[in-house]
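Q: quick one, fold the following:
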Amino acid sequence: MDNKLAKYRSIIKRIVLQHAEYTPSHGDIEVRPIFDEVRDSYLLVDAGWDKTGRVYAALLDLHVKDGKIWIETDGTERGVAYDLLDAGVPKGDIVLGFLHPKRRKIVEFEPVY
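A: A predicted model of the protein is given here:
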């Protein structure tokens, strides 16, 4: 197995599991990390019920494609791209997939501490 791929899988799983520790303060909501290493897709999903009704949301949707980590959905407060940078992933290997391809070229993200 490619060392870079194995490293990225490990980093992503660790980050998803860290965010899974933050459970909603209201309702009966289950936070579910979902890992598919065959397709290199990693999700963090909230599912359950609160006083307004059914809750189902993908908080994180990440996948590895062509040696890069694609962020398709990011519902974290700080931004999962910063978690990836902190874990040693080079900025050039992080793709903000939730942005239109034309906007990706002009949007810069730098660590905020």
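Q: next SSE after the longest strand anywhere in the chain?
A: In the chain, ranked by residue count with DSSP state E as the criterion, the top strand is strand 53-65. Counting by DSSP states H and E, the next helix or strand C-terminal to strand 53-65 is strand 68-74.
Q: buried residues in that following strand?
A: 69-71, 73-74 (16 or more other C-beta atoms under 10 Å). C-betas here are computed from N, CA, C, even on glycine.
Q: check which element follows it along the chain.
A: Per DSSP H and E, the first helix or strand lying C-terminal to strand 68-74 is helix 80-86.
Q: listing partners with orientation, what would you give for whatever helix or strand comes next after that following helix?
A: Downstream of helix 80-86, the next assigned helix or strand under DSSP H and E is strand 94-96. Sheet pairing for strand 94-96, assigned by DSSP bridges, gives strand 68-74 (parallel).
Q: quick one: the partner strand to chain centroid distance?
A: Offset of strand 68-74 from its chain centre (C-alpha atoms, centre = their mean, to the nearest Å): 6 Å.
Q: check which helices and strands the host helix or strand of residue 6 sits against.
A: Counting by DSSP H and E, the element that carries residue 6 is helix 3-20. Using 3 or more C-beta pairs under 8 Å, 6 or more residues apart in numbering; DSSP states H and E, the elements in contact with helix 3-20 are strand 28-36, strand 41-50, strand 53-65, helix 80-86.
Q: shaky segments in the protein?
A: Along the chain, segments meeting pLDDT under 70 span 1, 106-113.
Q: mind doing that once more with 90?
A: Along the chain, the model assigns pLDDT under 90 to residues 1-2, 22-27, 98-113.
Q: OK, contacts around the spatially most central residue of it?
A: Centroid check for the chain by C-alpha atoms, centre = their mean gives residue 60 as the closest residue, at 4.0 Å. By C-beta atoms under 8 Å, 6 or more residues apart in numbering, the contact list for residue 60 reads 16, 19, 42-44, 73-76, 80.
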